[in-house]
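K.L.:
no sequence on this one, just coordinates:
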């Protein structure tokens with residue numbers, strides 16, 4: 001009696017997560033912290049995991065207990081998009097005046113001169129996450145008193161980063177700007193000035 005060979009099917013490789021997949025999870029997390037389903041500490045932990053997740057399987061547990069079912073058809077209720085992406089190569093990027101800050105700003109630039117003036121911006125949350133993927137060029141953040149910058153999660157190589165913790169005038173903190181991502185062959189600086197009137 002001839003035995004038939006047994007074929008063992010290898011498990012399918014984990015599906016890689018796209019930027020859009022990560023963005024959807026981040027939106028859900030922002031909605032959850034806004035309506036008090038997540039406390040700020042847990043929100044920060046899940047946000048960090050979402051931004052660094054490489055696979056869809058790694059993203060799934062971050063929102064498994066947050067997705068609400070709406071209506072009879074089981075549609076998932078998601079908050080409005082809260083991500084602003086700026087992409088530019090070999091150009092000039094300038095945002096100033098009265099503009100609404102997203103919860104997360106993705107800066108994707110190569111050899112650009114970037115100036116983000118937050119002094120007249122409308123704040124939508126107590127924290128702004130700026131996710132950098134910057135190669136070459138300069139990034140300048142113009143800040144108002146009460147804004148604090150944290151770059152502990154920013155990976156820097158062959159670059160100059162010059163940051164101050166705050167304006168130094170004792171103004172209570174009104175906005176926490178968290179820099180994440182990476183910068184290569186660039187320069188990042190901050191300066192504080194009074195808000196626009």
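P.N.:
Sure, I can see it. Note that the coordinates shown come from a computational prediction; the quantities given were computed from them, not determined experimentally. Numbering: from 1, shown residues only.
K.L.:
any weak-confidence spans in the chain?
P.N.:
1-14, 35, 67-81, 165-169, 195-197 (pLDDT under 70).
K.L.:
which stretches of the protein form helices?
P.N.:
19-34, 40-52, 56-63 (DSSP state H).
K.L.:
how about the strand ranked longest in the chain: buried residues?
P.N.:
The longest strand of the chain (DSSP state E) is strand 127-143. For strand 127-143, burial by neighbour count (16 or more other C-beta atoms under 10 Å) applies to 127-132, 134-139, 141-143. C-beta here means a position set from N, CA and C on the backbone, and glycine is covered the same way.
K.L.:
hang on, the earlier thing: tell me which of the helices of the chain lies nearest to residue 108.
P.N.:
In terms of C-beta to C-beta, the element of the helices of the chain nearest to residue 108 is helix 19-34, at 9.6 Å.
K.L.:
which helices and strands does the closest one pack with?
P.N.:
Packed against helix 19-34 by the contact rule (3 or more C-beta pairs under 8 Å, 6 or more residues apart in numbering; DSSP states H and E) you find helix 40-52, helix 56-63, strand 83-89, strand 104-117.
K.L.:
Distance to residue 152 added to these, as CSV?
P.N.:
Output for those, formatted as CSV (distance: least, C-beta to C-beta, whole Å):
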stretch, distance to residue 152
helix 40-52, 11
helix 56-63, 21
strand 83-89, 22
strand 104-117, 17
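K.L.:
Tell me which of these is the most buried.
P.N.:
Most buried of the helices and strands packed on helix 19-34, by mean neighbour count (mean count of other C-beta atoms under 10 Å): strand 104-117, with a mean of 20.
K.L.:
Direction included, what does it pair against?
P.N.:
Strand pairing for strand 104-117, using DSSP bridges, gives strand 83-89 (parallel), strand 92-95 (parallel), strand 127-143 (parallel).
K.L.:
returning to that earlier point: any chance of the helices of the chain in CSV with distance to residue 88 as columns?
P.N.:
Putting the helices of the chain into CSV (distance: least, C-beta to C-beta, whole Å) gives the following:
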stretch, distance to residue 88
helix 19-34, 17
helix 40-52, 21
helix 56-63, 28
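K.L.:
Ok, which of the ones you listed comes nearest residue 102?
P.N.:
The nearest among the helices of the chain, by C-beta to C-beta, is helix 19-34 at 9.4 Å.
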